[in-house]
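K.L.:
Provided below are the primary sequence and the corresponding predicted coordinates.
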Amino acid sequence: MRPPPLALPIMLVDVTVAAGAVTVLDHFTLTLGTGAPTVLIGPNGAGKTTLLRLAMGLVPISRGLITWNGRESLPPTRRAILFQRPAMLRRSTAGNVRYALAAAHVPRAQRAVRTDALLAEFGLKGLERRPARRLSGGEQQRLALARALARDPDVLFLDEPTASLDPAATKGIEDTVRAITARGVKVVMSTHDLGQARRIAGDIAFLHRGRLIEAAPSADFFSAPRSEEARRFIAGELLV
Amino acid sequence: MTGDASALQLVLSGNPELFAIVRLSLLVSLTAVLVAALIGVPFGAFLALTRFPGREAVIVVLNAMMGLPPVVVGLAVYLLLSRAGPLGPLGLLFTPQAMVIAQTVLVAPIIAALTRQTIEDLWVEYRDELAAMNVGPGRRIATLVWDARFSLVTALLAGFGRAAAEVGAIIIVGGNIQGFTRTMTTAIALETSKGDLPLAIGLGIVLICIVIIINTLAWGVRRAGECYAG
């Protein structure tokens, strides 16, 4: 049984992120609660990746506030991220997971058992000794997911996790996202794939030019978008 | 041809003088590489991972020091260790220890500069992952050095190549004393000037063989590492 999530709800209140003269996120307000995945969609440069990195504490906030269940800080092990192109440590498959467990301060005595369990869960049994950098793209993505979940987070951020995968590997990742969600982990992911957003999302946050244009339950967003930008985006028009 | 045959005969006969020279050369060069690695690897990693005013200038100077002229290093170490020098009371001049110091000065910048480049490249790749895992500075450095260990073999190898081939510094601070500070390179220089070509050629053959063997071993270590760690 998972302990109650320390991280949720996550509230971003009037958040602005600027990089030099460029405003990457502009007065952004959004609440991420428990339950089904929240999917961030929007054209390139909308601010999806910056939002995920901001929530992980990898990008400094210029203005505004983020709270985690009402607190302004969160123990680092309660959140994890899967980058679009995760770096594989120059170690074996099992070594990558063991490293993540050690970084999360999991006691040494528990690491072997946890490593075995995570590798089995993500279909990587039999590949324990293979160098992580020699795994296929889909296997690397699953290993990166196993590494992220080694922290046993309350919230998992996924940055376009299937961007470079074939359909079979994409299905594997989507199934994993559903399994993670069923386990009580909040998933917040970005994608360019509207079909994927329809398949996975409980809620949609639609971003454009660093602003939150619309946030709504997935069914409502796709059936009756409230904004002109969202309607055009769903219709496949190019937003610039 | 006669000289070559005599040289081979000298090597194959296990000439004790020749092997004493080889033993001392290896001892001095490998010790210098070890000491230089203990200094250069942490310093290179520090330079790769920290930002401070003047860092770029330090990197430029470090890179320039890779080409330090051995005779100038020999002269500087000589002045340090000579009776009137600040380290004169230690009595190290014309000893193997003085040769180790001189070679360390030559090799440490090579190892530090190559380490910095290797660690910095790996850091670019690992930065986000380690930050997301909330890995602290100490563990971060240890991770990068450990994961780059097979690449760092190349840096050590470059350092050994420099030390093993070097003659200008050690002849100044070691004095090329027979049976005490005579190494392969200083002996080759001396025997050639004396016209004793068989010994010079014999030592040259041994030196080249050692360099080839060590390079082969390092290549094997690196290949094994790639199979193990990718």
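P.N.:
Now that the structure is in, tell me what you want to look at.
K.L.:
Near chain B, which residues of chain A are found?
P.N.:
Within reach of chain B by C-beta under 8 Å from any C-beta of the partner chain, chain A has these residues: A:56, A:58, A:76-77, A:80-81, A:83, A:86-92, A:99-100, A:103-104, A:131-134, A:147-148, A:151. C-betas here are computed from N, CA, C, even on glycine.
K.L.:
Distance check, the residue in chain A that chain B sits nearest to against residue A:139.
P.N.:
Proximity of chain A to chain B (C-beta to the nearest C-beta) peaks at residue A:131, 2.8 Å away. Residue A:131 sits 11 Å away from residue A:139, going by C-beta to C-beta, to the nearest Å.
K.L.:
quick one: the residue of chain B most remote from its centre from chain A, how far?
P.N.:
Residue farthest from the centre of chain B, counting by C-alpha atoms, centre = their mean, is residue B:132 at 37.4 Å. Residue B:132 sits 5 Å away from chain A, going by C-beta to the nearest C-beta, to the nearest Å.
K.L.:
ok, now residue B:115?
P.N.:
For residue B:115, the distance to chain A equals 16 Å [C-beta to the nearest C-beta].
K.L.:
Was I right to think that residue contacts residue B:48?
P.N.:
Yes - counting by C-beta atoms under 8 Å, residue B:115 does reach residue B:48; the two are 7.4 Å apart.
K.L.:
the more surrounded of those two?
P.N.:
Legend: neighbour count by other C-beta atoms under 10 Å in any protein chain shown for residue B:115 and residue B:48, higher for residue B:115 (27 against 23).
K.L.:
so the more buried one, which of the three states?
P.N.:
Applying DSSP: H, G, I helix; E, B strand; the rest coil to residue B:115 yields a three-state assignment of helix.
K.L.:
cool, and residue A:123?
P.N.:
Look at residue A:123: counting by three-state DSSP, its state is coil.
K.L.:
Which residues are in contact with it?
P.N.:
Listed by C-beta atoms under 8 Å, 6 or more residues apart in numbering or on different chains, the contact set of residue A:123 reads A:142, A:172.
K.L.:
Residue numbers of chain B in contact with chain A?
P.N.:
Near chain A, the residues belonging to chain B are B:125-126, B:128-129, B:131-135, B:139, B:143, B:147-148, B:150, B:226-230 when assessed by C-beta under 8 Å from any C-beta.
K.L.:
Which among those count as buried?
P.N.:
Using 16 or more other C-beta atoms under 10 Å in any protein chain shown as the burial test, the residues of chain B next to chain A include B:125-126, B:128-129, B:131-135, B:143, B:147-148, B:150, B:229-230 as buried.
K.L.:
Can you pick out the most distant pair from these?
P.N.:
B:134 and B:150 (26.6 Å; C-beta to C-beta).
K.L.:
quick one: which helix or strand includes the closest residue in space to residue A:34 that isn't next to it in sequence?
P.N.:
Of all residues not flanking residue A:34 in the chain, residue A:8 sits nearest, at 5.1 Å (C-beta to C-beta, 6 or more residues apart in numbering or on different chains). Using DSSP states H and E, residue A:8 sits within no helix or strand.
K.L.:
circling back: what sits closest to the residue farthest from the centre of chain B if chain neighbours are left out?
P.N.:
residue A:81 (5.0 Å).
K.L.:
Around the one you found, how many other residues sit close by?
P.N.:
By other C-beta under 10 Å, 26 other residues sit near residue A:81.
K.L.:
and it, backbone torsions?
P.N.:
phi -140, psi 150 (degrees, to the nearest 10).
K.L.:
can you pull up the bridge partners for it?
P.N.:
residue A:157 (DSSP bridges).
K.L.:
In this structure it contacts residue A:54, no?
P.N.:
No - judged on C-beta under 8 Å, residue A:81 makes no contact with residue A:54 at a distance of 11.0 Å.
K.L.:
mind checking how far the closest residue to residue B:116 other than its chain neighbours is from residue B:135?
P.N.:
Using C-beta to C-beta, 6+ apart and skipping residues adjacent in sequence, the residue nearest residue B:116 is residue B:44, 4.0 Å away. Noted for residue B:44: a distance of 19 Å to residue B:135, by C-beta to C-beta.
K.L.:
what does residue B:20 give?
P.N.:
Applying C-beta to C-beta, the value for residue B:20 to residue B:135 is 49 Å.
K.L.:
same thing with residue B:185?
P.N.:
44 Å.
K.L.:
same deal with residue A:114?
P.N.:
Remark: distance between residue A:114 and residue B:135 (C-beta to C-beta) = 18 Å.
K.L.:
Same check on residue A:159?
P.N.:
Taking C-beta to C-beta as the measure, residue A:159 falls 19 Å from residue B:135.
K.L.:
Output the below-cut-off pLDDT ranges for chain A.
P.N.:
Flagging of chain A using pLDDT under 70 yields the residue ranges A:1-2.
K.L.:
Where do the helices of it begin and end?
P.N.:
Taking DSSP state H, the helices of chain A run over residues A:48-55, A:93-103, A:108-121, A:137-149, A:167-182, A:194-200, A:218-223, A:228-234.
K.L.:
Can you show me the CA trace of the last one as PDB?
P.N.:
Once side chains and other backbone atoms are set aside, the C-alpha atoms of helix A:228-234 remain, and they are given as PDB (Å, rounded to 0.1, in the frame of the first residue of the first chain):
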ATOM      1  CA  GLU A 228      -9.700  28.800 -31.100                       C
ATOM      2  CA  GLU A 229      -6.100  27.700 -30.800                       C
ATOM      3  CA  ALA A 230      -7.000  24.300 -29.300                       C
ATOM      4  CA  ARG A 231      -9.700  23.800 -32.000                       C
ATOM      5  CA  ARG A 232      -7.100  24.500 -34.800                       C
ATOM      6  CA  PHE A 233      -4.500  22.300 -33.100                       C
ATOM      7  CA  ILE A 234      -6.900  19.400 -32.800                       C
END
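K.L.:
How about residues contacting it?
P.N.:
With contact meaning C-beta under 8 Å, 6+ apart, helix A:228-234 is reached by A:41-43, A:194, A:206, A:208, A:213-214, A:221-222, A:225, A:239.
K.L.:
ok, residue 98 - contacts?
P.N.:
Reading this off chain A. Residue A:98 makes contact with A:111-112, A:115, according to C-beta under 8 Å, 6+ apart.
K.L.:
Chain B was what I was after
P.N.:
By C-beta under 8 Å, 6+ apart, the contact list for residue B:98 reads B:77, B:81, B:92, B:173-174.
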